[in-house]
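Peer 1: using only what follows, build the 3D model:
(2 chains)
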Amino acid sequence: MIRPGHRRPGYAAALIHRLSGVALALFLPMHFVALGTALQGADRLESFLGLTHNLAVRTAEWGLVCALAVHMTLGLRVLAIEWLAHRERTAIVVSGCLATSFAVGLLFLLSA
Amino acid sequence: MTAQVIPETVTPEAVQGAARMLEVRVRRGEVFQTFAVARRPNQTVLDVVTEIQREQDPTLAYRFACRVGMCGSCGMTVNGRPRWTCRTRVAEAATGDALVLEPLRNLPVVKDLAVDMEPFFEKWRRAHGYFEPGEAPPEDFAPVRPDEPERRKADAGIECINCGVCYAACDVVAWNPDYLGPAALNRAWTLVNDVRDRGQEARLAAVAGDAGCHSCHSHMSCTEHCPKALSPTFAIAGLKRETGRAALRRLWRKA
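Peer 2: Residues are numbered from 1 along each chain as shown, chains lettered A, B, ... in the order given. The predicted structure follows:
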């Protein structure tokens, strides 16, 4: 079996895009549960939100924001390739997408 | 005006005497065999394989024909990267003085560095990668101007020489052996843009299946490795758009 060229930036981009999408899909049910508590009154929502004020949840939120940002930037890359026939320098573009996502994550941390 | 320095004439013998040795590891089945070959100026990877086969081990199997980048038969994996070997210089591909040669990925190995290209060409047929003139011959030549958008789209992909490098580079082929692959889909795209062709509906149906254009993950490996600098990724993206439009047209007709 010839070893695959998995270390290509395009492969890494697709992998990160897929994994961040899975992370966002897993988050969505929890998000709806949180919103659902609002239907049972403001106190219920506030008490639920109170549970999220700890370091582990804050870190997870940061990861989620990064995942959302990286999913969006890598999705824009795919759209540019498929609709605009943009011949990219893959390593540079993918690095830019990741850097943008971490910058968004940093902004989230600074504003928290 | 400065005087030009004319270099001394270097005889081939002198070059050979001074040349460094190249360590070439060749995959032969499940094991690697190591050969030592002299480095020479402007030496290609195919030169190295030919030297091994003619001077050291006549049982080494590999494939080549034109030696000038036209026939597409000398594709191999060189230091982990699929390449055409006749136009790849050792200086460009070697890591230091080391070369690792393996057969193309994603294709059955016949022996040593020679692969069976049958699955590759079978997928060209499955993708309707052949011209279909239709039942009735046309009454006149189809006027096709060089600057027409369709002609330009076809032009972008018609220089493919079927070397299989993109097919070996494709991760989706490795995951799904039924996937038609970049070369067959690129060929289908050039025909989709041929106004004379009468087999478009069947072709779009053939490339829209589970193992067709929509399986492409846009890794860009095919585009990155194509020795002819073509972009099968864009051809596949064109097929995705065109098959989408065809599906909408079918829905519209039904409604």
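Peer 1: which intervals of chain A have sub-threshold pLDDT?
Peer 2: Scanning chain A for pLDDT under 70 picks out A:1-7, A:112.
Peer 1: the helices in the chain, which residues?
Peer 2: Since you didn't name a chain, this refers to chain A. Taking DSSP state H, the helices of chain A run over residues A:9-38, A:42-51, A:55-84, A:90-111.
Peer 1: was after chain B, sorry
Peer 2: Along chain B, counting by DSSP H, helices occupy B:12-18, B:45-51, B:90-93, B:118-126, B:149-155, B:165-169, B:171-175, B:182-192, B:200-207, B:221-225, B:232-254.
Peer 1: same list, these, but as a markdown table with mean pLDDT please.
Peer 2: Formatted as a markdown table, the helices of chain B follow (pLDDT from 0 to 100):
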| stretch | mean pLDDT |
| --- | --- |
| helix B:12-18 | 50 |
| helix B:45-51 | 97 |
| helix B:90-93 | 94 |
| helix B:118-126 | 96 |
| helix B:149-155 | 90 |
| helix B:165-169 | 96 |
| helix B:171-175 | 93 |
| helix B:182-192 | 97 |
| helix B:200-207 | 94 |
| helix B:221-225 | 93 |
| helix B:232-254 | 92 |
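Peer 1: most packed of those?
Peer 2: Neighbour counts (mean count of other C-beta atoms under 10 Å in any protein chain shown) averaged over each of the helices of chain B peak at helix B:165-169, with a mean of 29. For the C-beta atoms, the positions are set from N, CA and C on the backbone; glycine is no exception.
Peer 1: other residues contacting that one?
Peer 2: With contact meaning C-beta atoms under 8 Å, 6 or more residues apart in numbering or on different chains, helix B:165-169 is reached by A:2, A:5, B:75, B:77, B:82-84, B:104-107, B:120, B:173, B:181-183, B:186, B:221-227, B:232.
Peer 1: from residue B:56, how far out is the closest residue to chain A within the stretch 1-150 of chain B?
Peer 2: Distances between the stretch 1-150 of chain B and chain A by C-beta to the nearest C-beta are smallest at residue B:105, namely 4.0 Å. Here the criterion is C-beta to C-beta, to the nearest Å. By it, residue B:105 lies 26 Å from residue B:56.
Peer 1: neighbour count winner among these two?
Peer 2: More crowded of residue B:105 and residue B:56, by other C-beta atoms under 10 Å in any protein chain shown: residue B:105, with 23 against 13.
Peer 1: tell me the phi and psi of the more buried one?
Peer 2: Backbone geometry at residue B:105, expressed as degrees, to the nearest 10, gives phi -70, psi 160.
Peer 1: so how far is residue A:54 from it?
Peer 2: 48 Å.
Peer 1: repeat that for residue B:214.
Peer 2: Distance, residue B:214 to residue A:54, by C-beta to C-beta: 43 Å.
Peer 1: okay, now residue B:96: neighbour count?
Peer 2: Number of residues near residue B:96 (other C-beta under 10 Å) recorded here: 8.
Peer 1: distance check, it against residue B:102.
Peer 2: Taking C-beta to C-beta as the measure, residue B:96 falls 18 Å from residue B:102.
Peer 1: present the helices of chain A as TSV; the columns should include distance to residue B:151.
Peer 2: Formatted as TSV, those follow (distance: least, C-beta to C-beta, whole Å):
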stretch	distance to residue B:151
helix A:9-38	29
helix A:42-51	61
helix A:55-84	20
helix A:90-111	29
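Peer 1: turn the ones you listed into CSV, including mean neighbour count.
Peer 2: Shown next, in CSV, are those (neighbours: other C-beta atoms under 10 Å in any protein chain shown):
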stretch, mean neighbour count
helix A:9-38, 15
helix A:42-51, 12
helix A:55-84, 16
helix A:90-111, 15
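Peer 1: turn those helices into JSON lines, including distance to chain B.
Peer 2: Formatted as JSON lines, the helices of chain A follow (distance: least, C-beta to the nearest C-beta, whole Å):
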{"stretch": "helix A:9-38", "distance to chain B": "4"}
{"stretch": "helix A:42-51", "distance to chain B": "38"}
{"stretch": "helix A:55-84", "distance to chain B": "4"}
{"stretch": "helix A:90-111", "distance to chain B": "5"}
